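J.: here are the coordinates; sequence isn't available:
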């Protein structure tokens, strides 16, 4: 993929959120609509383009965990809020491929996580589970070794402890398991087809009207394209 | 398109013929007509075990000791080198120190030896560059000559049917369990205690560092071995994960594969950059392997041996309605709890069964509904146990009978044991016998020899029974998915293969 090669040529091992989601979108994974800008003029145009409510994020290849660095402003509803967010975040963006990300705000109460890790013994392995900022605390995730098929992906969804949140609870739409399982299948395929990808993290996938949308993502690459080794 | 199809077909044929070749070669090694022991000591040293083991199992083929100076060892004619042995050699056991091993391995390959066991240590496991290099040299010989290597740093093979063994004192009786171990001592210990649990082996192999033959190769062999109906393994590290997973999937489709994997602790996990990386523990990845393959995961020696016993004794198509027959009331309650924990049901006893039981079970301190508690009197009057077991086994609502009982002396115990074995045979239903702590289970072996599993606790008994049942259901589902065979939709797919131990 072009995006991967660009990051490699810049000697980076981490793709920005913008690049990661572009890569995922190329494979057909639904992602939030967004525009990356690097000037105030472009920013104002993007704000008009995306519409309210929106999310404004600092996008910097040097920074993986944006919320820890206070680079995310959600639920922006007015232009003056957007401008304030820009002036607050923009001075802290330093990387060459960085910028400000103007993003549609995906509305949903349920957050899932999906990802990929290249295991040293078994190779690319797909993850699925309960997402959001407490992902690691709940630790409600399952893995499968890629390549996976549809029934593996559906099994993964069945297997998490919190699977009941995927049902039609509290007036929410039931989650489209077929669509979620397609995302997992695709992640497995990305892992099989791109040996240089070491890790993928899509967190959160927000459920909106029953369907998952990738709202934030990280991709870690290794130029040597490490293969599963012996031990 | 045609060309692509053709190349796919050729690829598949190539793979199939490679598999056939592996199986045929291992089969020849596991049934050798002659064995050379290279570096067999003259005196009573550790290496002598390998000769003692062959003699102990009354190996019927030719044994060739190889020793640079000795003319004979323990009455067997010795040869100065492998090349000077007059006839062909199927299996070589190599006991010389690692700095002298390589030319001997080469000489074995030149002689046309089919397989060699490398007892010698001092290779990759030392973590040194030299060890790694020496091991890579061995792998190269195996690959270029076609001679297969076991080890280094391993005990080799135990195949009772062929009369070969890695240790003296193991059972001569062949059985249906095939066992793979990364530890030689653990393989030996399991094989020693196995007959007490009624477990007998088609073959057991200690693989050591796996410079050539790997656990995945062995899974492939045992999956296709008609004498093996249950596969067990103790695994430390997996070489070539994707090949292992593929072999494990294929094996599990054919027969139960019970795996005890160590090295799953979170210690040593690398600092990951993403959530996914941080959450991908070795245990999580191993769980994925278990789920995808349909293999059965166990933890610890007791569970491994109990599972091998359960899988080799419980027949196909076992049900989930359990009848419990107990003397001690507390254990009866504990057994029903264990039943529920494992997703099994307490059988709903028929009216006929209840009225039958009420005819002879004492009225106080007992219960004639499931779990059936026959009380202390039964330990003196074995007839109560015996009749109750017969009635429960005859109830059409009962799929299996768990008996937790004991006699007060040798005579009552013998009566109890023989009667349970007889009732089990006549009913054709699975019986599971559970020990009562504090009482001598001297009759345990009588049960296991009769093909009835005997467990130390009801929790272990129910866990193993449920494990067997889940595997059977998974396999049925796999080959008869409910979509194509709607009458099978009653199997609860949610619980299949989802439970781990």
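T.: Great, that's in hand. Just so it is clear, the structure is predicted and the values come from calculations on it, not from any experiment.

J.: Leaving out sequence neighbours, find the closest residue to residue B:193.
T.: Distances taken as Cβ to Cβ, 6 or more residues apart in numbering or on different chains place residue B:305 nearest to residue B:193, at 6.7 Å, with adjacent residues excluded. Bear in mind the C-beta positions are built from the backbone N, C-alpha and C, glycine included.

J.: Which element, helix or strand, includes that neighbour?
T.: Using DSSP states H and E, residue B:305 falls within helix B:301-313.

J.: Over the next helix or strand after that helix, what's the mean pLDDT, rounded is fine.
T.: Next along the chain after helix B:301-313, taking DSSP H and E as the criterion, comes strand B:321-326. Within the predicted structure, the mean pLDDT of strand B:321-326 is 96.

J.: For burial, what's the neighbour tally of residue B:365?
T.: 11 (other Cβ atoms under 10 Å in any protein chain shown).

J.: Would you map out the domains in the chain?
T.: Looking at chain A here, since you left the chain open. Segmentation of chain A into domains, based on automatic domain parsing, reads A:33-105, A:110-221.

J.: my bad, chain B
T.: Residue ranges for the domains of chain B, per automatic domain parsing: B:1-28, B:321-467.

J.: longest strand anywhere in the chain?
T.: You didn't say which chain, so I picked chain A. Among the segments of chain A that qualify as a strand by DSSP state E, the longest is strand A:197-208.

J.: you looked at the wrong chain, it should be chain B
T.: In chain B, taking DSSP E as the definition, the longest strand is strand B:174-181.

J.: Chain B contacts on chain A?
T.: Within chain A, the positions near chain B by Cβ under 8 Å from any Cβ of the partner chain are A:14, A:64, A:113, A:115-117, A:119, A:121-123, A:125, A:127, A:129, A:135-136, A:139, A:141-145, A:148, A:152, A:155, A:158-159, A:199-201, A:203, A:218, A:220, A:228, A:230-231.

J.: Tell me how far residue A:10 lies from residue A:2.
T.: With distances defined as Cβ to Cβ, to the nearest Å, the gap from residue A:10 to residue A:2 amounts to 13 Å.

J.: Checking the residue nearest to residue B:443 when sequence neighbours are not counted next. Helix, strand or coil?
T.: Once its chain neighbours are removed from consideration, residue B:443 has its nearest residue in residue B:417; the separation is 4.3 Å (Cβ to Cβ, 6+ apart). Classification of residue B:417 using DSSP: H, G, I helix; E, B strand; the rest coil returns helix.

J.: Quick check: phi and psi at residue B:233.
T.: As for residue B:233, its main-chain torsions (degrees, to the nearest 10) stand at phi -150, psi 140.

J.: mind checking how far the closest residue to it other than its chain neighbours is from residue B:87?
T.: Here the nearest residue to residue B:233 in space, its sequence neighbours aside, is residue B:180; by Cβ to Cβ, 6+ apart that works out to 4.1 Å. Using Cβ to Cβ, one gets 31 Å for the distance from residue B:180 to residue B:87.

J.: Against which helices or strands is the longest strand of chain B packed?
T.: Contact partners of strand B:174-181 among helices and strands, from 3 or more Cβ pairs under 8 Å, 6 or more residues apart in numbering or on different chains; DSSP states H and E: helix B:184-193, strand B:201-206, helix B:215-224, strand B:230-235, helix B:301-313.
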